[in-house]
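**Q** Mind looking at a prediction? Sequence and model below.
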Amino acid sequence: MPEQKRGQAILPSVTTEAPVVRTILIAVALVFLALCLILPVVVVFNEAFRKGLAAYLSTFADPDALAAIRLTLIVAAVAVPLNMVFGIAASWAIAKFEFIGKSLLITLIDLPFSISPVVSGLIYVLLFGAQGIVGPWLKAHGIEIIFALPGIVLATIFVTFPFVARELIPLMQEQGSTDEEAAMTLGASGWRAFMTVTLPNIRWGLLYGVLLCNARAMGEFGAVSVVSGHIRGVTDTMPLHVEILYNEYNFAAAFAMASLLTLLALVTLAAKTALEIRYGDALAHTARF
């Protein structure tokens with residue numbers, strides 16, 4: 001063994017496993033990732049382009065496909081900003097103040113993680129459906145919630161609202177309220193302190209949460225399937241349209257639409273990874289799921 005240099009600290013080994021054990025564990029992890037993640041993505045794109053580029057592009061010329069894409073983007077454009085506002089407000093209240101029911105609020109924020117999306121969609125049907133609690137009143141006044149855009153938006157908001165809040169709460173708690181107190185001591189109003197101090201401090205965590213929220217909003221299936229009614233060209237989002245095409249044995253079109261969803265997911269993943277690489281220190285204390 002080479003002689004220890006003077007002043008050089010002896011660092012204990014982080015791992016005690018034999019090299020062969022580490023190699024096996026890494027190989028198992030890589031094989032698992034290849035089978036469960038990489039291979040399905042490859043299969044999706046392979047099936048999507050099996051009949052050629054012309055057949056692939058023709059899928060998106062179909063009016064029902066365009067309607068599904070348009071509806072998915074509209075739902076995401078409504079649900080994500082609302083969840084962003086809610087996430088900022090909830091995180092601000094939880095991290096900066098002490099109040100009765102704080103633990104209950106944190107628990108309620110986590111509720112969509114523990115409830116099946118199908119169940120959450122069914123809850124809205126029981127509330128706003130034709131035979132629901134307020135359904136008859138809504139019908140009498142010509143207001144459509146279930147089997148219409150409002151129901152899809154509500155269901156999407158429910159399943160996605162924890163993402164922004166759960167990214168910001170630990171970040172705001174770690175930062176504390178010292179900076180805001182200093183700004184207000186110097187004469188800044190509460191709104192000015194929020195815009196010039198709080199918001200810049202949480203901007204990368206906020207963007208991270210918005211990316212995750214948007215990815216879930218565009219890919220949500222269970223809750224939207226219950227409240228949409230599967231009205232083709234009207235209330236079908238992209239995931240629902242994929243199911244319809246597949247059930248009709250139109251596999252090329254189904255995988256073409258699925259490939260678009262996959263591309264959106266990959267773009268979200270790339271943006272998420274870029275944020276982690278460039279602003280890793282700022283995101284170090286955000287929540288992980």
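**A** Structure received. Being a predicted model, the structure only gives us computed values, none of them experimental.

**Q** Residues contacting stretch 205-219, please?
**A** Defining contact as C-beta atoms under 8 Å, 6 or more residues apart in numbering, one finds that stretch 205-219 is touched by 72-73, 75-76, 79-80, 83-84, 87-88, 156, 159-161, 163-168, 171, 199, 238-239, 261, 264-265, 268, 271-272, 275, 282-283, 286. C-beta coordinates here come from the backbone N, C-alpha and C atoms, glycine included.

**Q** now the residues you listed: which count as buried?
**A** Among the contacts of stretch 205-219, those classed as buried by 16 or more other C-beta atoms under 10 Å are 72, 75-76, 79-80, 83-84, 87-88, 156, 159-161, 163-168, 171, 238-239, 261, 264, 268, 271-272, 275, 282-283, 286.

**Q** Can you mark which positions in stretch 50-58 are buried?
**A** In stretch 50-58, counting by 16+ other C-beta under 10 Å, buried: Lys51, Tyr56.

**Q** For it, list the C-alpha coordinates in CSV.
**A** Extracted in CSV, the C-alpha atoms of stretch 50-58 (Å, rounded to 0.1, in the frame of the first residue of the first chain):
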residue,chain,number,x,y,z
ARG,A,50,-44.7,2.0,-39.4
LYS,A,51,-46.9,3.1,-42.4
GLY,A,52,-44.6,6.0,-43.3
LEU,A,53,-44.4,9.7,-42.7
ALA,A,54,-47.4,10.4,-44.9
ALA,A,55,-49.7,8.2,-42.9
TYR,A,56,-48.3,9.7,-39.7
LEU,A,57,-49.0,13.2,-40.7
SER,A,58,-52.5,12.3,-42.0
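
**Q** Pass me the low-pLDDT residue ranges in the stretch 1-150 of the chain, would you?
**A** 1-15 (pLDDT under 70).

**Q** again, only this time at 80
**A** Counting by pLDDT under 80, the stretch 1-150 of the chain shows low-confidence ranges at 1-18.

**Q** With the stretch 151-289 of the chain instead?
**A** Using pLDDT under 80, the stretch 151-289 of the chain drops low at 180-181, 188-190, 269, 272-289.
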